[in-house]
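Mind folding the following:
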Amino acid sequence: MHTLHQDLGVHPAVNASGKMTALGGSVLSDTVIAAMGEAARHHVVMNDLITVAGREIARATGTEDGCPTTGAASGVAIAVAAVIAGTDVSRIEALPDPGDAPCEVILPRGHSVYFGAPIRQMVALGGGRPVEVGSANKVTAGHIAGAIGPRTAALLYVQSHHAVQKGMVSLAETVEVGRRHGIPVIVDAAAEEDLRHWPATGADLVVYSGGKAVGGPTSGMICGSAARMAACRAQYGGIARPMKVGKETLFGLVQALREYGTGESADQRTRMEKLAGRLAALPGITTRVVADEAGRAIHRTELTVDREAAGRDASALAAELAAHGVHLRDHHAVTGRLYIDPRPLRPDEEERLVAQLTAQLEGEER
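Just a heads-up that it's a prediction; the model follows:
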């Protein structure tokens with residue numbers, strides 16, 4: 001059967017990198033796809049749907065209310081806009097110009113990340129002025145407290161594998177500083193898996209991706225108090241208008257949230273240990289199983305590439321595999337390390353990965 005993939009010349013990728021935006025986020029379950037199809041067949045009052053989707057987000061996160069978004073990036077922009085403009089229509093319509101409202105958003109320098117775009121730009125889209133404090137590998141609560149002034153609107157904490165993990169102020173310390181000074185704390189927890197943990201830290205607004213750990217369509221969500229979420233929804237009359245979420249996406253996100261955490265999770269460590277054993281015999285490859293650097297419950301197979309024995313370095317090997325439709329996690333390729341993430345990888349795709357990697361390293365083109 002001829003598929004649209006074939007018609008467009010865009011072939012399905014083997015994703016061993018993770019639930020990445022660059023590779024389309026998640027593969028959706030049949031029930032999520034069915035929910036999106038149901039939405040596509042009917043009209044609906046969008047304000048009502050956004051409100052009830054917020055209730056589903058609240059149920060999943062253990063918060064008072066939620067606000068759906070197109071993704072975690074737009075979620076950060078909307079959260080910033082909400083703390084600056086609240087529900088004041090004049091201020092909402094003036095953003096990203098904050099006028100005389102407090103607009104500085106303080107974040108640790110090691111959290112000023114690039115995730116496909118700079119986090120600073122998301123802050124600016126919401127009318128904020130990012131203020132980085134400390135050094136790339138050393139930020140304390142004192143750095144944050146010392147930067148607070150009359151123009152401070154929020155503190156931003158980025159919980160991500162993109163962020164520097166060494167020498168950073170903790171979220172607990174950040175929340176304590178925020179509480180002491182009466183400044184709200186926004187947490188970007190885009191790819192985190194425990195949806196209830198981050199709001200329970202005392203953060204005021206927590207932003208998640210809906211298309212990564214949750215397994216929904218490309219989407220996102222903010223959660224927090226009812227008042228904060230009312231302010232977030234109000235931004236759809238301002239800077240969030242070009243970030244509006246469609247009814248199909250909202251149905252898919254709600255269905256994914258209802259399913260999230262109910263399925264049986266595979267034993268990632270055992271699976272990755274077996275894979276590591278199979279790949280260890282390849283020329284120039286040393287393998288081991290490692291835990292996620294940001295502390296999530298994920299185990300991956302690490303491939304250390306010996307340039308001389310493998311005939312190419314890690315970056316070149318990753319590029320060769322990608323040219324054949326197989327994508328490894330290459331964040332640390334410059335250090336000679338590649339990773340295989342089990343979460344998006346089906347068993348048949350794992351076999352294709354092994355075959356292609358073997359062909360590349362043993363000199364047989366496929």
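
just the strands in the stretch 101-250 of the chain please.
Assigned by DSSP state E, counting those that start in this stretch, the stretch 101-250 of the chain shows strands spanning 104-108, 129-133, 152-158, 185-188, 205-209, 220-224.

Those strands into a markdown table, with extra columns for distance to Ser90, mean neighbour count and mean pLDDT?
For the C-beta atoms, the positions are set from N, CA and C on the backbone; glycine is no exception. Formatted as a markdown table, those follow (distance: least, Cβ to Cβ, whole Å; neighbours: other Cβ atoms under 10 Å; pLDDT from 0 to 100):
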| stretch | distance to Ser90 | mean neighbour count | mean pLDDT |
| --- | --- | --- | --- |
| strand 104-108 | 21 | 27 | 98 |
| strand 129-133 | 20 | 20 | 98 |
| strand 152-158 | 17 | 26 | 98 |
| strand 185-188 | 23 | 28 | 98 |
| strand 205-209 | 22 | 30 | 98 |
| strand 220-224 | 22 | 30 | 98 |
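
Out of those, the one nearest Thr335 is which?
Closest to Thr335 of the strands of the stretch 101-250 of the chain is strand 152-158 (Cβ to Cβ; 22.2 Å).

Contacts made by that closest one with the rest, please.
Contacts of strand 152-158 with the rest of the structure, by Cβ atoms under 8 Å, 6 or more residues apart in numbering, involve 76, 79-80, 83-84, 98, 101-108, 111, 113, 119, 123, 128, 130-131, 144, 171, 174, 177-178, 181, 183-188, 203.

repeat that for 6 Å
Strand 152-158 has contacts (Cβ atoms under 6 Å, 6 or more residues apart in numbering) with 83-84, 102-107, 111, 113, 171, 174, 178, 183-188.

Likewise for stretch 217-235?
Stretch 217-235 is contacted by residues 25, 57, 61, 63-69, 71-72, 75, 78-79, 81-82, 86-87, 92, 199, 204-211, 249, 252-253 when judged by Cβ under 6 Å, 6+ apart.

for that stretch, which positions count as buried?
When neighbours are counted by 16 or more other Cβ atoms under 10 Å, the buried residues of stretch 217-235 are found to be 217-224, 228-235.

List just the nearest of these to Lys19.
Nearest to Lys19 among the buried residues of stretch 217-235: Thr218, at 10.9 Å, using Cβ to Cβ.

how close does the closest one get to Val44?
For Thr218, the distance to Val44 equals 20 Å [Cβ to Cβ, to the nearest Å].

mind checking the SS state of the residue nearest to Arg288 when sequence neighbours are not counted?
Closest residue to Arg288 in three dimensions, ignoring its sequence neighbours and counting by Cβ to Cβ, 6 or more residues apart in numbering: Glu302, at 5.3 Å. Put simply, Glu302 is strand when judged by DSSP: H, G, I helix; E, B strand; the rest coil.

And the pLDDT at Glu302?
Model confidence at Glu302, given as pLDDT, is 95.

Give the bridge partners for it, please.
Beta-bridge pairing of Glu302 under DSSP bridges involves Arg288, Tyr339.

contacting residues for it?
Applying Cβ under 6 Å, 6+ apart, the residues near Glu302 are 288, 290, 337, 339.

Please apply the same query to Pro98.
So Pro98 contacts 84, 127 (Cβ under 6 Å, 6+ apart).

which intervals of the stretch 151-300 of the chain have sub-threshold pLDDT?
Along the stretch 151-300 of the chain, the model assigns pLDDT under 70 to residues 262-266.

residue ranges for the helices of it, please.
171-181, 197-200, 226-234, 247-259, 268-279 (DSSP state H, counting those that start in this stretch).

can you list those in CSV and add distance to Arg343?
Output for the helices of the stretch 151-300 of the chain, formatted as CSV (distance: least, Cβ to Cβ, whole Å):
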stretch, distance to Arg343
helix 171-181, 24
helix 197-200, 19
helix 226-234, 29
helix 247-259, 14
helix 268-279, 8
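
among the strands of the stretch 101-250 of the chain, which is nearest Tyr260?
Closest approach to Tyr260 among these (Cβ to Cβ): strand 205-209, 10.7 Å.

and that closest one, what does it pack onto?
The helices and strands touching strand 205-209, judged by 3 or more Cβ pairs under 6 Å, 6 or more residues apart in numbering; DSSP states H and E, are helix 72-85, strand 185-188, strand 220-224.

Rebuild those as CSV, extending it with distance to Leu4.
Below are these laid out as CSV (distance: least, Cβ to Cβ, whole Å):
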stretch, distance to Leu4
helix 72-85, 27
strand 185-188, 34
strand 220-224, 26
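
closest to Ala318 out of these?
helix 72-85 (24.9 Å).

Contacts for that closest one, please.
With contact meaning Cβ under 6 Å, 6+ apart, helix 72-85 is reached by 69, 91-92, 95, 98, 101, 103, 105, 122-123, 125-128, 153-154, 184, 186, 188, 190, 205, 207, 209, 220, 222, 231-232, 235, 239-240, 243.

before we move on, the earlier item: now for the helices of the stretch 151-300 of the chain, which one comes closest to Leu8?
helix 247-259 (19.9 Å).
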